[in-house]
Structure formats: structure tokens, C-alpha cells
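Q: Give me a model of this one.
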Amino acid sequence: MAPAVAAIAALKPGAKLADGAFEVLAVNEVPEYNVACVELVHLKTGARWMHCGADDSNNVFNVAFRTTPTDDTGVAHILEHTALCGSDRYPIRDPFFNMLRRSLSTFMNAMTAADFTCYPFSTMNETDYYNLLGVYLDAAFFPKLSREDFLQEGHRLEFKDMEDKNTQLELKGVVFNEMKGAMGSQAARFNRALGATLFPTSTYHHNSGGDPVSIPTLTHEDLTRFHATHYHPSNARVFTYGDLPLERTLAKSQELALGKFDRIDVSALDVADERRLTAPVKVEVPVPADPVVPDPNKQSVVSVAYLMVNQIKEKEAELENFALTVASDLLLNGPQAYFHETLLESGLGSGFAPGTGYSSSRRETSFAVGLKGVAEADVPEVEAKIQGTLERIAKEGFPKERVDAVMHQVELGAAKVSTNFGLGVAFGAMGTWVHGGDGMKPLKIPALAAKLQAAIDADSEYWQKLIQRRFLDNSHRVTLVGVADKDYDAKLEEAEKKKVAEIETSLTEERKDAIVKEAVALRASQDGDQNADILPTLKVSEAVPREIKHWNSSITKTSGGFDLQIDAQPTNGITFANLLLDVSDLPDRLVPYLDLFAYFVTELGTKTMDYKALAQEEKLKTGGIGAGVDVQQSLDASAPPRVYVSLSGSALDRNVPAMFQLMADVATGAKWVGEDARLGLLLSRRAASAGAGVSQNGLSYAKGLANASIDPVAALDYRTAGLPHVALLQRLAREKEAGVEEVSAALAEIAAFALARNRVMRCRISAKPEACDPAVKQMEAFIDALPLRGAHAVDDELTLAQSLASFAGSPSKNFVATPTQTNYCAASYLTVPYSHPDSAPLFLLGQAMSTSFLHREIREKGGAYGGGASAAPVEGVFVLSSYRDPNTLATVETFEKAAAWAAKEGNLTQEILEEAWLKAFKAIDAPLAPQSRGASLFTNLMDDESRQLFRDRLLDCTPERMRECAEKYLVGKTPALAIVGNPASVPDVKKAGWTCVDAEGNPLKEE
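A: Numbering: from 1, shown residues only. So this is what the prediction gives:
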């Protein structure tokens, strides 16, 4: 037993710690996860504390408060933001974001859940841990909560020209704009409505993040009052994890925060039980239309939801709660699942409805299932199929082999080593622990799996009874129908404009002057210098080693002469396998289908198994097998990019032969032809997902589009996963049988080309040392099972490699209009490859520009939820971006100003470089799971020598080198620009010479 685990295991209930400030309530050893946990109470205030001792240097701290909103103003969310804007010991603007660049944290954040707010961090550096502990405790318990910070982070009225009261009045604020973006999709709106309908009387009825319609009604006084009643140790839960001594953390917390409070009565914050419905209800709500849909006549969403286990009152239902999690898996996950067959394969919809699944994160659990992409007339049939499926299971139960497969996944989950295990426990515990429930819940899964297996063995009708009681006999059932409205966002914007206009009409001259005065004061605060030196910081010279971490990968050959990388690592009984097949000379006409090939390769069945049997075997014997498309770029640009199809799999060591057999079955016998119904369903689901994703993943699309106009590899990515791919999927789905025939032929052709021995470039095994040799033998047998030679392009046919080589890019300006109220902006510059001497300074320049210029200009002043700059050393591009941004062209101007600021002598100081180093190395030295150690060598041929050289260049960088790179690569250069965003911005960007398209890449029609 590791010392950190043994120290906790040795504690006894009743023991006093930290000079008697804390008392031990319970101690639990969890051998399945190699941890020992202790729960304590702070005697003076009643604060609860749970610590998990582990042989893990990635130490975690998380303080959480039960926060129970009674409206949609977002008070808990805005408080979460504002609490991080300065505190008693650190009375400067934004200590949180300052600490991001003064720390080597592996995680730093704050989050507002439906019924709690938490402030977590993790770090592998002991000094850093105590630095962050002090800052977090002061932020949580002693924040400034100034009115200026409330106006910046929450909401405010401001004139378009903030000093001119005769210009247009506008609503601004970081959270206001964040939630306009967060609530901008059909999925988000439907999911929120589902929660509100299922919980008509409790705190869960309300949007804890805030609804943009209601946020402007919150006052600063409401905020400070909410903090006083909720952010108190008597209402707190603290979770810690790792190998640092518990006693010191307790003592520091007692000294800095907890010891300064007395116990108060927080019973008024108890969340009442939801008033159970006596009869099912059905509600219809409007929702935004997805930007791209295969069938415009099928845009409704329908879901049936059930309120289930009260996790606080029904403590005896702990096992049943876990059983419902397993039942949800059996009902929903994989083509063999019941609702996959009765709902997805029915053709009534394009995919599961938002919110589908079992949720146990709230005080009372729930289950929901339904479809999106449904014709209004088909809604009753969807409801009938849901009811019929549940009635069938209540009679038949679940087949044993399917339950066994889920239990196998539980075993795998317990064995898999995670880099953020402590954070996972921290988040998993809070949902019930804040309400007085069991904080050990996430650590009980293996034990509960054993109990469930015993219960099933003892009662042959266990599942039938569970489904009957929790579903069919459950009167608290709601059916929600979302009716798509293509003008949904436009109506919200119009309502906002009307509301602001009404406010403006009612303003007195004195109030207008006050708004100007507040805006000027806020801007002065944002522009003012802050003494960040009062915050603790790490010194790079002490905290960052010059030498890289060595993973000691072994490079050898298989018996067949193929390059083989072996990474002997402590993978805890799981073997991971990877194989790269070179498809660089694939016919270029097949490139648009590459992503579909990788996605569908395990979805269609094989010569010996249909797709349901294959999915069942995969779940029963492996941690998953799959494929992907990888690009290897030369680190010095001396060779052209190589494009690979990657095959991968993982399994418990005892199941490695079965894993490779399944991989061989798929590689040699995937049913590309003859599965028309299945392929049609997959295309429909993929098309619907991609169409909805344009708005939901706006920043990714904006960056991809900007990069694609200047970089050949980015252009390839854009072809296979950008707007052209979205358009391809919509066309294929609309063409139905013809689309299926086209895809089937293309995928079969790619398979014949790619899945052959002569395409194998290299392979990799990652496993514990004694499992490597047996796995290598299985890998060799798998390769031998592949056909000797694959197909090849005809002589005069353009290949993928030739297409990459002939790429001639030039910066463009593209605006993609999607139904959303905010924007995602990107500006991309072509720079240099990884091994170039300027690559490391550029990497640091991105960190410096983000924290020292763009954060202030884009977030604090501009009101966007986020913004920054980043260099991608391997790709050789430098990107500036913004996220959930109310602005468009103004942000593009800010990008230009950022480059000029960085290039101006004196702006990039040694202090800024120190902070850039810390941000850079927290990314470079982030903890890696055992199976990921050595992965960069395998995928990118990034050996120790090249990694060490890059690290040396980082550490040898100077402010002047960063400035020179800004001047050389950014100032005066024309970037490629892309914005995914609000259609209301189209007239302005068109006037500025931008190309405007819809979410499928089609030119917008002139109004």
C-alpha cells in the first residue's frame, strides 16, 4: 500500500485532526481503485470534507456550495464568475485568470451545475498546490463582488459609443453573451425545456446558468445577498485527492478560511422533493431549427422522460440506481440496444433526442428517450414505440449475454488508468453529497456491479420488475415535443432590441449620464495596471526541468519486417494496439469519403457476424475497436505529409486474442455492400449530427475554415470534416437509395485500397511489460491475416498526395451564417514547422498574446466568453480566435491590434515571458495516461531529440525573440479570416468584402 493511501487507511472514526478543528467521521478503503478515503466534519462550522489518499501526484482540491436558484436570472452562474474577480487578500482584477499564467495547474476552473457551484483545481507541483489553495479559498469565501465586476461579468447597459449617450443602447456582459451562445442550439433549448417540464416545482425547474431573457433583471444586490446565504462553510463540501499530506491542507484551510466562520443554519437551502405527478403530462415548446437538415419536413423533437430515484430519501435504492444505469446502457448504447432497434431503425427520426439517457447527477434521478428529426404527424407513433418497447422488456427482461457485456465494460472502466481520476471522483461525488448523500458514490461502482450480479442471479425476473416499477407504473412521466422554428433566434433578437428600445425611451438624462459614467469607469478599470505581484507564482527556474520526460519506447520490427513500437507501461492489465496504413496515394476522388470509412468500418458487420452481433462481441471482449484518419507532417517540412488510416483497439490482457480476431474480421470482411438499410440509417444520423454541429462547434469550424485557405493539411481536414463534409452528408441523406449506393461503392473501394499488408507503415503495442510479447504475436497474426496487396490508383488518376502537393492557398475572408446569437471568429497565419528555430518563440507568443492582451480586449471589454491566440507547432499555423462573441469585424480589428502590440518594443516583458513559459509547460508537461506515453513518437515521429531541442528553445527564448516573431509572421501579413455566426452580421461583413455562405457552404442569396 502506497504511503499516501496507508496514512488515510490508518485513521479512525472520532480522531481529531488539524489541532482539533476536524473530526473523522468515516474511513473507507477502495482496493479496486487503490485509494483510501476519509470523511471529516469541520467542528466549528459543520463543513464536510472528503479526502482520497492515492499514489498519484496530480493532487486535486474542490470546494463546492449547494446553490439553489429560484429563477432564471443566472445568479449562481454570475456569482461563480464574479467571485473570481478579486478577493480580500488579492484585491486585484481577475486573480483567477492571472493564476492561470502563474501556475503549472493541470486543471483550473469553476463550474455552475443545476444545484451546486464548485471551484476545482489540480496540479502536480506541491508549491503550486498551496499557492492555488490560498487563492481559491479567498475567492470562494471572501470575494470583493464589486459592482464593476458584476457589470463586466453579468450584464450591463452601455451605449454603442460608450461615451456618447446619443448612440444606440446595447446589452452587454460576459455571462449574458455566454448564455446566448450556450442556449443557441436546438439541443440546448430542448434539453433545458425537458428539465423544466420534468421538475415543475423544484430548483431544477430553473436555468442555473441563466436565460438571456431573464439575466438582465438580476441586480448587484441580488448577487451579494445570494453569496451571503450560500457561500458559507456550513453549506460547503470540500474534496481533496492525491499524495500530499491531508493534515497540512486542513490546517491551511482552517487558518485561511474555515476558522473565521461560525456555524449557521442552512436548512432553508435544502432542495425540496419534486412534487410527483399523479398522471402523465404532455407539453409542446418551440425550439430553434437546426441550421442544416436532410428533410425540412422532419424537424420536430419528441422525448418521454421519467422522474425516478430520490437519492437522498431512498437510500436503500442505491443498488437500484446503479441497475438503472445498466438498464440505460442496455436500452440505448449500440445497435443491439432495444431503443436502437425500435426507434432509430424505425426511420421515424434522425437520431436520439437531446437529453436521452439516465441522469443521476441531480438529487432525483431521471431517464429520457426520444427522437429528433421527426415529422409532427409521427410524434404519436414515437410515443407508442417507447411504451411498447418498455412493455416488451417488462415481460422478457434483458438477455444475460448483453448484461455480461455491460458488466465487462464496468470492469474495464475500473482498470483503465486515467490522468484525471481525482477530478472525476470530485465531480461524481458532488451531485448527491451536497444534499447529504453519499460522497463515496463514484467509487462504489465495482462493488455495486458485484451486488447487482448477485441480485440478478437470485431473482430471474429482476429486470422485469425494475422496468415495471420504475417505468410502466411511474405516473411522473412527461412527453415533450419541440416544434422547430427557423425564426426562433431572430425573434429573440427582435425581442431583445424591443426591450432595450423600451428601456432607452424611459431613460432620463440623468440615468443616461450614469450609464456613460459607469461604462467609462469600467473601461478605466479594465485598462488600468494591476499589481499581480501580490499573487503567488512559481519560478520557471525552480519548477520546470530542462530535460524532457523519457518514455523509453522500444523500436523494433515484427516477424514480417514491419516497424514496431513497444511501450511497456503500467497499464493495469489493459493492452492497447495501434496500426497505421498509408493511404497517401488513394485516388483523390475518394477523399471526401475517408471520414465515413473510418466511422463506419465497425458499424456494418462482417462476413461472419451481422452488425448487432459484432457490436455485442466488441462490448463483451474489448474496450472498443475502431479506425481514424491521421496525418503525419514532417517536423522540418523536408518531406510531404503522409496520410494514414489508423486501426486501434484495447482489451483486458486476457481478451487480447479476441480483440485482434475482431479487428481481423472487420479488416478482412466488413460488409460494405448489402447492408443498405443499416448504411442509410447511419448516413441519416451522421447528417443530422453534422448539421446540428455547425452551430454547436462554431469555433472549430471557424478555425478549420481559416486554416484551410492557407495550409494543405488543414484543407484536407476541411474537405473530410468541414462544411464540404456537412454538405456531402446532407446530399447523401436526401438522395436515400442513390446516396447509400454511392457511399457503399466508395467505402468498398477505400477498403480494398487501404486494408492490406503493403499499406502497413508501423504498429504499436502499449501494455504492462509481461503482456507485451504475447500482444506482439497477436499483432503479427493480425497483419498476416490482411490481404498481401491493396488496390491502387490508375496511372492518370489524381491521388491524395498529388492533391496535397499541388495545393496553392491564399488567405480568404469567409462568413458562415448559422442560427445563433453570437459569433466565433478566427484569423490564421502560416508560420514555420516544428523544428524551425522560430517555432518555439511562436508557441510562447501565443500564450503571451492570449493572457496579456486578448483576454482583456476580447473578453473583458468586448464581452465575448473567451478569446486567445495559439501556435500549432507541428501544423505550422498561428491562430487568433474568439468564442461566443457578440462582435465580428471589431474582433478582427482587435486581432490586428494584438499583433501590433506584440511587435512593439517593450510590451513583451520578462514577466510576461515567465507567465508564457508556465502556460506552455503546463500543456507540454501535462500528465499522460500510461497508454499515451510514446504516442507522439508513433504518430508524428517526434523522437526524444526533437522534443528536447524544442524544449531547449522554449527555455532559451527571450522577450525580444517573441517580439521579432510577431513582427516577422503577423504584422503586415494578411491572415485567413473566418467567422461562424449570427446572420444579422451578414450586411456588415459583405460590405467589408467577405464571402458569405450558409452552413452547407452555399452562397447566401441576396435579400
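
Q: report the longest helix in the chain, please.
A: In the chain, assigned by DSSP state H, the helix with the most residues is helix 676-696.

Q: CA-only coordinates of it in CSV, if you can.
A: Only the C-alpha atoms of helix 676-696 are listed here, as CSV (Å, rounded to 0.1, in the frame of the first residue of the first chain):
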residue,chain,number,x,y,z
ASP,A,676,-28.4,-0.8,-47.4
ALA,A,677,-30.9,-0.2,-44.6
ARG,A,678,-28.1,-0.1,-41.9
LEU,A,679,-25.9,2.3,-44.0
GLY,A,680,-28.9,4.5,-44.8
LEU,A,681,-29.6,4.8,-41.0
LEU,A,682,-26.0,5.6,-40.3
LEU,A,683,-25.9,8.3,-43.0
SER,A,684,-29.1,9.9,-41.7
ARG,A,685,-27.8,10.0,-38.2
ARG,A,686,-24.4,11.4,-39.3
ALA,A,687,-26.1,14.0,-41.5
ALA,A,688,-28.3,15.2,-38.6
SER,A,689,-25.4,15.3,-36.2
ALA,A,690,-23.2,17.2,-38.6
GLY,A,691,-25.9,19.7,-39.4
ALA,A,692,-26.6,20.5,-35.8
GLY,A,693,-22.8,20.6,-35.1
VAL,A,694,-22.1,23.7,-37.2
SER,A,695,-23.7,26.0,-34.6
GLN,A,696,-22.6,23.9,-31.6
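
Q: in it, what counts as buried?
A: 678-696 (16 or more other C-beta atoms under 10 Å). C-beta coordinates here come from the backbone N, C-alpha and C atoms, glycine included.

Q: Same question for stretch 248-255.
A: Buried, per 16+ other C-beta under 10 Å, within stretch 248-255: 249-254.

Q: Closest to Leu25 out of those?
A: Closest to Leu25 out of those is Leu250 (13.7 Å), distances taken as C-beta to C-beta.

Q: which residues of the stretch 1-150 of the chain score low on pLDDT?
A: Applying pLDDT under 70 to the stretch 1-150 of the chain picks out no residues at all.

Q: Then the stretch 701-850 of the chain?
A: Ranges of the stretch 701-850 of the chain meeting pLDDT under 70: none found.

Q: Tell me where it has helices.
A: 712-721, 723-735, 737-754, 769-785, 800-805, 839-849 (DSSP state H, counting those that start in this stretch).

Q: rewinding a little: would you turn the buried residues of stretch 248-255 into CSV with secondary structure?
A: Formatted as CSV, the buried residues of stretch 248-255 follow (DSSP: H, G, I helix; E, B strand; the rest coil):
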residue, secondary structure
Thr249, helix
Leu250, helix
Ala251, helix
Lys252, helix
Ser253, helix
Gln254, helix
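
Q: quick one, phi psi at Phe352?
A: The phi/psi pair for Phe352 (degrees, to the nearest 10) reads phi -60, psi 150.

Q: What's the local residue count around it?
A: By other C-beta atoms under 10 Å, 20 other residues sit near Phe352.

Q: The closest residue to it other than its chain neighbours: what's it in contact with?
A: Computed as C-beta to C-beta, 6 or more residues apart in numbering, the closest residue to Phe352 that is not its neighbour in sequence is Leu371, at 6.6 Å. Taking C-beta atoms under 8 Å, 6 or more residues apart in numbering, we find Leu371 in contact with 301-302, 343-344, 348-353, 382.
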